[in-house]
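**Student:** quick one: sequence plus predicted model below, questions after.
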Amino acid sequence: MATAAAASRAALSRPHAAAAAARASPAAGARVTLPRRRSVRSAVISSSASAAAVAASEPAAGRVTLGAGTDGALWPKPAVLVAEKLSEAGLAVLRGFADVECAYGMSPAELLAKVAQFDALIVRSGTKVTREVLEAGRGRLRVVGRAGVGIDNVDLQAATEAGCLVVNAPTANTVAAAEHGIALLASMARNVSQADAALKAGKWQRTKYVGVSLVGKTLAVMGFGKVGSEVARRAKGLGMHVIAHDPYAPADRARAIGAELVSFDEAIGRADFISLHMPLTPATSKVFNDESFAKMKNGVRIINVARGGVIDEDALVRALDSGKVAQAALDVFTEEPPAKDSKLVLHENVTVTPHLGASTVEAQEGVAIEIAEAVVGALRGELAATAVNAPMVPAEVMSELAPYVSLAEKLGKLAVQLVTGESGGIKGVKVVYTTARGPDDLDTRLLRAMVTKGIVEPVSSTFVNLVNADYTAKQRGLRITEERVSHESPAAEAPLESIQVRLSHVQSKFAGAISDGGDIVLEGRVKYGVPHLTVVGPYEVDVSLEGNLILCRQIDQPGMIGKVGNILGQTNVNISFMSVGRTFRGKQAIMAIGVDEEPDKETLEHIGHIPAIEEFVFLEL
Ligand SMILES: NC(=O)C1=CN([C@@H]2O[C@H](COP(=O)(O)OP(=O)(O)OC[C@H]3O[C@@H](n4cnc5c(N)ncnc54)[C@H](O)[C@@H]3O)[C@@H](O)[C@H]2O)C=CC1
Ligand SMILES: O=C(O)C(=O)COP(=O)(O)O
């Protein structure tokens, strides 16, 4: 009985239960990863009611407004801080779900002071979401929404470490940016802004502002993504010959538009005009520098509506002064706004606009709605289609995987509770998926993340979600390997037959969970949409994973179920499910008992004192 008593003590000590309860995990099922607090389900909040709530209380420190959940209970409404001008259409979407504060033009210090009061922050390109900002928001900030494409102003690594999802609005401003590129191309070629300024200053200078024609000229599109390809399409319409460089662009997309994909050197070497459309990343930072300007044709013209940082601006000034670059048209700058005495901005051969690429009425409305919907979805715990630092999981895949997501988390959570404190931490986790699907049809990142969440959260204060799961596992030295076992399922439409979680090189507080190979092994399946535990160590069981679980290992003999059931019944603990699995008749058996309530310590000890019971463990789900 010493084993049972020890198991009982170990099973009863749950040092992190309070922390786990305080974190209030999301509702089981399709709601997956993000909410640290219970989130409001917007469907049940009428927009007028929430608008009234917003009007009634301008957000302030510590202010929490309550919204009603589907079950009628009141939950704190999320708070969203909008740091840069967002179109009214997007604000209306946000207000239907959250308290919204628009605080445009904050200084970095003001943002730092405020951010911890919000669940989500929405920015454009003018706000730097630094590690400091993300650290300041830790504990509450769950989503950063970038109302636009470029996320070079957000510290993605810091966001990922903090489990903060970053979403952007990647499509709504594509055409606006492409149109602005074309506007700059044409106005530069014809000296429109210089001639306009001269005429307004009273100078009629027709010979000074003779331009160059576009037709028949070669345009190099650097970065053949959404904007780049739209620029290319329009330039073809202007009669230009379009070449493009993009190491990752599919050749058929270029072919469809009639653009020729070439190397970087060939693109810049052949072009009369070079238009930049790649993101600013460590790899593209200052790729247009003295060396690359030297490879260009004399008198080349450059358009930049991407990011200022892809150009070495001092080198560009030198190239403009020497005439190597005849003209440049720039919408973006390394530092925004640029210094008032910037040689580049003031250069007479340079046309500038103050980062207006996305600034059309139509684009701003589209971007605002796109980002508002993404942020609301993320706050609801849905997986975002425009996630920048997490795998994107389409809604239909998500709904199909939902019960498996829950199963994966529960298996992880059960497995970690079986490990003794003396194990020195879990190092090796293997997740085995038995499935009829091939890797292309089954993306397991979400399931892996949920196993990690299940393993890490019960034993730490770390909040784990799809964003930071892999990072967290790595930080904790947790090596998670995955294996697929092919299975020709009769019900082949099910994405998975089973998920198995194996913990290696650990001691278990419940020897019955140890497989022949020495690992803690738990396996589960989804039955009628509900996760079930189906294997514990070498034993087959079948218990629905709802409520909590008691595992008992006993000698296989009659009357055991009745004895345990009696003890639980005496203290009003409702048994939801019970299953017995054994290796051989009369030898060892395992009883898996699902209980709605948590039995008290004495009740568990009573179970432990049943003579045939060799060990037992109480596990929280
Ligand atoms: N001025 C403005 O207001 C706006 C600026 N932008 C900027 O335009 C850029 C492109 O935006 P989208 O086309 O929407 O993005 P995108 O992601 O669709 O396209 C970017 C393309 O650049 C390519 N690329 C990456 N590294 C490269 C490299 N080293 N060399 C060449 N190509 C490379 C990628 O493969 C991708 O095809 C972004 O930097 C974005 O921030 C976008 C909208 C408005
Ligand atoms: O979407 C982008 O990448 C842009 O550069 C647009 O920036 P903005 O939202 O206008 O500050």
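**Tutor:** That came through fine. Ligands and ions are numbered 1, 2, ... in the order given.
**Student:** so who does the closest residue to ligand 2 within the stretch 301-450 of the chain touch?
**Tutor:** Shortest the stretch 301-450 of the chain-to-ligand 2 distance, computed as CB to the nearest ligand atom: residue-wise this is Ala358, at 3.6 Å. For the C-beta atoms, the positions are set from N, CA and C on the backbone; glycine is no exception. By CB atoms under 8 Å, 6 or more residues apart in numbering, the residues touching Ala358 are 124, 148-149, 173, 176-177, 364, 367.
**Student:** the same query, at a cut-off of 10 Å, please.
**Tutor:** 124-125, 147-150, 169, 172-177, 180, 227, 305, 331, 364, 366-367 (CB atoms under 10 Å, 6 or more residues apart in numbering).
**Student:** out of those, which are inside helices?
**Tutor:** Among those, the members found in helices (DSSP state H) are 174-177, 180, 227, 364, 366-367.
**Student:** so which of those residues reach ligand 1?
**Tutor:** When the ones in helices among the contacts of Ala358 are filtered against ligand 1 using CB under 6 Å from any ligand atom, the residues retained are 174, 177, 227.
**Student:** tabulate those in a markdown table, adding columns for pLDDT, neighbour count and distance to Cys552.
**Tutor:** Output for these, formatted as a markdown table (pLDDT from 0 to 100; neighbours: other CB atoms under 10 Å; distance: CB to CB, whole Å):
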| residue | pLDDT | neighbour count | distance to Cys552 |
| --- | --- | --- | --- |
| Thr174 | 97 | 21 | 61 |
| Ala177 | 98 | 27 | 64 |
| Val227 | 97 | 28 | 63 |
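**Student:** for Ile590, which non-adjacent residue is closest in space?
**Tutor:** Tyr539 (4.2 Å; CB to CB, 6 or more residues apart in numbering).
**Student:** show me what that neighbour is bridged to.
**Tutor:** Beta-bridge partners recorded for Tyr539 (DSSP bridges): Val536.
**Student:** going forward, count from 19.
**Tutor:** All set: I'll call the first residue 19, so the last point we hit is now Tyr557.
**Student:** got the contact list for it?
**Tutor:** Here Tyr557 is in contact with 530-531, 533, 539, 569, 571, 597-601, 606-610 (criterion: CB under 10 Å, 6+ apart).
**Student:** now the closest residue to Glu179 other than its chain neighbours: phi and psi?
**Tutor:** For Glu179, ignoring the flanking residues on the chain, the nearest one in space by CB to CB, 6+ apart is Tyr489 at 6.0 Å. Per-residue torsions, Tyr489: phi -60, psi -50 (degrees, to the nearest 10).
**Student:** number of nearby residues for Val613?
**Tutor:** Around Val613 there are 21 other residues, counting by other CB atoms under 10 Å.
**Student:** tell me where the stretch 69-218 of the chain has helices.
**Tutor:** 106-113, 126-132, 149-155, 174-179, 192-207, 210-218 (DSSP state H, counting those that start in this stretch).
**Student:** report the helix or strand with the lowest average pLDDT across this structure.
**Tutor:** helix 65-74 (a mean of 27; mean pLDDT, DSSP states H and E).
**Student:** show me what contacts the closest residue to ligand 2 within the stretch 19-168 of the chain?
**Tutor:** Per CB to the nearest ligand atom, the residue of the stretch 19-168 of the chain with the smallest distance to ligand 2 is Gly166, at 2.6 Å. Residues in contact with Gly166 (CB under 10 Å, 6+ apart) are 102, 141-143, 186-188, 190-191, 195, 375-376, 381-382, 385, 388-389.
**Student:** same thing with Leu374?
**Tutor:** Shown in contact with Leu374 (CB under 10 Å, 6+ apart): 194-195, 198, 201-202, 323, 349-350.
**Student:** which one (most neighbours) among those?
**Tutor:** Busiest of the contacts of Leu374 [other CB under 10 Å] is Val323, holding 29 neighbours.
**Student:** model confidence for it, exactly?
**Tutor:** We have a pLDDT of 98 for Val323.
**Student:** Glu353 now?
**Tutor:** Value for Glu353, per-residue pLDDT: 97.
**Student:** run a quick neighbour tally on it.
**Tutor:** Residues within reach of Glu353, counting by other CB under 10 Å, total 10.
**Student:** same thing with the one 10 residues further on?
**Tutor:** Burial of Val363 is recorded as 16 neighbouring residues (other CB under 10 Å).
**Student:** how far away is it from Gly317?
**Tutor:** As judged by CB to CB, to the nearest Å, Val363 and Gly317 stand 21 Å apart.
**Student:** rewinding a little: quick one: the residue nearest to Glu179 and Val482 touch, right?
**Tutor:** Yes: with contacts counted by CB atoms under 10 Å, Tyr489 reaches Val482, the gap being 9.4 Å.
**Student:** those two: which is more packed in?
**Tutor:** Val482 (24 against 17).
**Student:** is the closest residue to the more buried one other than its chain neighbours in a helix, a strand, or coil?
**Tutor:** Distance criterion CB to CB, 6+ apart; nearest residue to Val482, sequence neighbours excluded, is Lys471 at 4.1 Å. Three-state call for Lys471 (DSSP: H, G, I helix; E, B strand; the rest coil): helix.
**Student:** mind listing what Asp214 touches?
**Tutor:** By CB under 10 Å, 6+ apart, the neighbours of Asp214 are 205, 227.
**Student:** what do you get if the cut-off is 8 Å, keeping everything else the same?
**Tutor:** So Asp214 contacts nothing (CB under 8 Å, 6+ apart).
**Student:** ok, it to Gln223 distance?
**Tutor:** 11 Å.
**Student:** same check, this time on Asp339
**Tutor:** On the measure of CB to CB, Asp339 and Gln223 end up 22 Å apart.
**Student:** do Gly114 as well
**Tutor:** In terms of CB to CB, Gly114 sits 55 Å off from Gln223.
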